[in-house]
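1. Dropping the sequence and predicted coords here.
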Amino acid sequence: MKRRSFLQATGLAAVGTALTPNTLLASNLPKKKPFTIILGSGFSGLGAAKQLKEAGYDYIILEARKRVGGRVFTYAMDGLTCELGAEWIGKSHTELQKLNDDAKLTMLDHTYETRLFMDEKYSEVGQWGYDESISKFQAALQYMKDNETKALQPLDKIDYWRYLQKIGMSEKNIELRELIDSTDFGETIRNVSAYVALGEYAFSSEKNEMDYWTQGGNTGMINVLAKNAGEDKIKLEHVVTVVSQNKKKMKVTCSNGATFEGDRIICCLPTFAMSKIKWEPGFASSKKDALDQLQYCRIVKTSMLFSERFWKDESFDMMTDTLGHYFFHSSKLQENKKGILTSYAIGDKAYVLSKMPKEKKMKELAHCLQPIFGDIKPMMNDLISYYWGGDTHTQGAYAIYDTAQWFGHREELIERSGNIFFAGEHLAEWQGFMEGAYISGMDAAKAVMKS
Ligand SMILES: Cc1cc2nc3c(=O)[nH]c(=O)nc-3n(C[C@H](O)[C@H](O)[C@H](O)COP(=O)(O)OP(=O)(O)OC[C@H]3O[C@@H](n4cnc5c(N)ncnc54)[C@H](O)[C@@H]3O)c2cc1C
């Protein structure tokens with residue numbers, strides 16, 4: 001796993017180790033295995049349950065929604081499948097690959113060949129690219145690979161966009177990187193720590209971890225984990241509202257009046273969900289500040305069902321400076337005459353799209369494709385859209401670490417609070433991915449076992 005070895009090489013993993021609770025209370029081993037209450041049934045919560053179960057620990061999972069999986073959200077459309085949440089499994093995501101293998105799920109190639117529509121001009125694959133100042137960017141990635149954390153830490157103090165300016169990238173290259181890279185972070189690259197951004201690109205696979213997809217939908221992985229965790233152990237529609245702890249017991253109260261007692265809690269919730277819970281006693285002010293300040297990006301995924309695949313190439317995708325932002329062929333390798341193109345729009349574009357009624361969305365997105373394919377609106381049979389910026393529990397798609405947050409906020413948020421342990425996408429060594437969320441849950445469970 002490239003990024004993990006990067007973290008080890010740069011020493012950040014050591015920071016993580018110092019902060020994890022494994023080393024704390026080691027001498028205070030409980031006589032019986034603690035009963036653990038897991039908050040959230042996303043990849044992190046299910047990862048925690050998997051680890052606890054394998055070690056013979058008992059637990060319960062409390063989930064606010066009517067379904068498991070959180071930000072993994074597969075949607076079926078007329079015999080085809082698309083993802084309204086997490087899409088790609090990366091080449092580095094070995095835990096997810098193992099999960100697919102063990103469960104005999106098939107991973108399909110989910111890579112694309114990118115076209116560009118920018119400044120009213122359409123360019124085919126291979127007909128567009130960066131000018132020679134991209135060498136400065138490549139040198140910056142090499143610098144990331146060659147240096148220790150201490151030398152790299154100042155990069156966390158500057159945003160990615162300004163950093164590209166400073167190293168002398170041309171305006172054209174910066175504009176292209178903004179268009180393309182903002183889809184990775186879900187907001188403008190002016191809101192991203194240069195350390196986080198360069199770390200992402202220095203260690204990603206050639207296709208930037210956009211490599212595979214689980215045939216039938218990523219929810220297939222979730223269903224396997226949920227079944228293994230034990231469906232009787234997962235309490236759906238249980239919105240946690242109060243968590244109290246004293247030296248002996250943890251008590252969790254839900255909005256439906258149900259209460260649960262346990263010895264440990266693994267909190268696998270996004271920060272917005274955490275901030276809505278009453279924690280008794282409250283967190284330290286530095287943790288509260290981090291909870292309030294870490295933002296999540298706004299993404300809307302809009303999947304359009306077409307009566308035919310007029311884009312022809314199964315690996316079609318396109319970056320565009322129009323409202324749709326990034327279009328890709330969701331139903332790649334799914335046998336059918338019909339096909340799904342998905343628009344992946346971020347930031348303000350996502351918000352604007354999310355406000356449109358369905359018919360207007362159809363019209364606007366057809367308009368984005370019109371210069372390349374002509375009038376495709378009559379072939380659009382249906383459209384489904386999900387705006388994560390408005391999701392009740394997340395208010396965003398994934399965490400976006402702004403300047404001076406990676407080395408501050410993440411460390412605050414990951415730190416154990418009494419008998420509460422924390423996990424989730426936002427705390428992963430390589431955040432923003434299912435893989436990281438899954439590993440963070442397993443790590444939190446290991447910490448519980450050692451506590
Ligand atoms: C649009 C989008 C695109 C993405 N693309 C990719 C991708 O291509 N590849 C990739 O690897 N990852 C991608 N991700 C990220 C990936 O989805 C997440 O990293 C991962 O699924 C997060 O898992 P989690 O367990 O940390 O959080 P979640 O999945 O959010 O799980 C948290 C759970 O807690 C529940 N909850 C919230 N509040 C409460 C409460 N008060 N009480 C009880 N339960 C509560 C929620 O309902 C949820 O089920 C994407 C995400 C989005 C939204």
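-> Now that the structure is in, tell me what you want to look at. In this text the structure is predicted, and so the values were computed from the model without any measurement.
2. quick one: buried residues of the helix or strand harbouring residue 152?
-> Secondary structure assigned from DSSP states H and E places residue 152 in helix 149-152. For helix 149-152, a neighbour-count test (16 or more other Cβ atoms under 10 Å) marks 149, 152 as buried. Quick note: C-beta positions are derived from backbone N, CA and C, even for glycine.
3. could you point out which element follows that helix?
-> In the C-terminal direction, the helix or strand that comes right after helix 149-152 (DSSP H and E) is helix 160-166.
4. Which positions within that following helix qualify as buried?
-> Of the residues in helix 160-166, those with enough neighbours to count as buried (16+ other Cβ under 10 Å) are 160, 161, 163, 164.
5. right, and the second one touches residue 178 too?
-> It stands for residue 161. Yes: with the criterion set as Cβ atoms under 8 Å, residue 161 and residue 178 qualify as a contacting pair; they are 6.7 Å apart.
6. Overlap in contacts, those two.
-> Counting by Cβ atoms under 8 Å, 6 or more residues apart in numbering, the shared contacts of residue 161 and residue 178 are 188, 189.
7. ok, now which ones touch the residue nearest to residue 347 when sequence neighbours are not counted?
-> Nearest residue to residue 347, sequence neighbours excluded (Cβ to Cβ, 6 or more residues apart in numbering): residue 187, at 4.6 Å. By Cβ under 8 Å, 6+ apart, the residues touching residue 187 are 295, 297, 298, 346, 347, 400.
8. on that earlier part again, could you save the buried residues of helix 160-166 as CSV and add columns showing distance to residue 393?
-> Compiled in CSV, the buried residues of helix 160-166 are given as follows (distance: Cβ to Cβ, whole Å):
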residue, distance to residue 393
160, 28
161, 30
163, 33
164, 34
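9. helices or strands up against the helix holding residue 152?
-> Packing contacts for helix 149-152, counted by 3 or more Cβ pairs under 8 Å, 6 or more residues apart in numbering; DSSP states H and E, involve no helix or strand.
10. So what's the gap between that helix and the chain middle?
-> With Cα atoms, centre = their mean, to the nearest Å as the basis, the distance from the averaged C-alpha position of helix 149-152 to the chain average is 25 Å.
11. any idea which helix or strand comes after the helix or strand containing residue 361?
-> Taking DSSP H and E as the definition, one finds residue 361 inside helix 358-373. Remark: after helix 358-373, the chain's next helix or strand is strand 380-387, criterion DSSP H and E.
12. Now the phi/psi pair for the residue in the stretch 101-250 of the chain that the ligand sits nearest to, please.
-> Among residues of the stretch 101-250 of the chain, the one nearest the ligand by Cβ to the nearest ligand atom turns out to be residue 240. It sits 3.6 Å away. Backbone torsions for residue 240, taken as degrees, to the nearest 10, come to phi -70, psi 130.
13. how close does the residue nearest to residue 347 get to residue 210?
-> In this structure, residue 187 and residue 210 are separated by 19 Å, where distance is defined by Cβ to Cβ, to the nearest Å.
14. Kindly report the same for residue 36.
-> Applying Cβ to Cβ to residue 36 and residue 210 gives a distance of 34 Å.
15. Looking at these two, which is more packed in?
-> residue 36 (25 against 21; other Cβ atoms under 10 Å).
16. Could you give the bridge partners of that one?
-> Here residue 36 sits in beta bridges with residue 59, residue 264, as judged by DSSP bridges.
17. hang on, isn't residue 192 packed against residue 401?
-> Yes: Residue 192 lies in contact with residue 401 (Cβ under 8 Å); the separation is 7.0 Å.
18. So for those two, which sits in the more crowded spot?
-> Taking other Cβ under 10 Å, residue 192 and residue 401 do not tie; residue 192 has more neighbours (27 against 24).
19. so what's the backbone phi/psi at that one?
-> The phi/psi pair for residue 192 (degrees, to the nearest 10) reads phi -120, psi 140.
20. Need the per-residue pLDDT for it.
-> On pLDDT, residue 192 comes in at 97.
21. now do the one 4 residues further on
-> At residue 196 the predicted local confidence, pLDDT, stands at 96.
22. Return the residues in contact with the nearest residue to residue 296 once chain neighbours are set aside.
-> Setting aside the residues directly before and after it, residue 296 is nearest to residue 396 in space (Cβ to Cβ, 6+ apart), at 2.2 Å. Remark: with contacts taken as Cβ under 8 Å, 6+ apart, residue 396 is in contact with 186, 270, 272, 295, 296, 297, 298, 299, 388, 389.
23. same thing with residue 160?
-> So, once contact is read as Cβ under 8 Å, 6+ apart, residue 160 ends up touching 181, 189, 190, 192, 193, 194, 196, 197, 198.
24. can we see that at 7 Å?
-> Contacts for residue 160 were tallied using Cβ atoms under 7 Å, 6 or more residues apart in numbering; they are 189, 192, 193, 194, 197.
25. What of residue 137?
-> Neighbours of residue 137 in contact, by Cβ under 7 Å, 6+ apart: residue 169.
26. As PDB, could you dump the C-alpha coordinates of the host helix or strand of it?
-> The secondary structure element spanning residue 137 is helix 134-146 (assigned by DSSP H and E). Included here for helix 134-146 are C-alpha records, laid out as PDB according to Å, rounded to 0.1, in the frame of the first residue of the first chain:
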ATOM      1  CA  ILE A 134       4.000  20.300 -15.300                       C
ATOM      2  CA  SER A 135       7.600  19.300 -14.600                       C
ATOM      3  CA  LYS A 136       7.400  21.500 -11.500                       C
ATOM      4  CA  PHE A 137       4.500  19.500 -10.200                       C
ATOM      5  CA  GLN A 138       6.300  16.300 -10.900                       C
ATOM      6  CA  ALA A 139       9.300  17.600  -9.000                       C
ATOM      7  CA  ALA A 140       7.000  18.400  -6.100                       C
ATOM      8  CA  LEU A 141       5.700  14.800  -6.100                       C
ATOM      9  CA  GLN A 142       9.200  13.500  -6.100                       C
ATOM     10  CA  TYR A 143      10.000  15.900  -3.100                       C
ATOM     11  CA  MET A 144       7.100  14.200  -1.200                       C
ATOM     12  CA  LYS A 145       8.500  10.800  -1.900                       C
ATOM     13  CA  ASP A 146      12.000  11.700  -0.900                       C
END
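27. Only the buried residues of that helix, if you could.
-> 137, 140, 141, 144.
28. Thanks again, I'm all set now.
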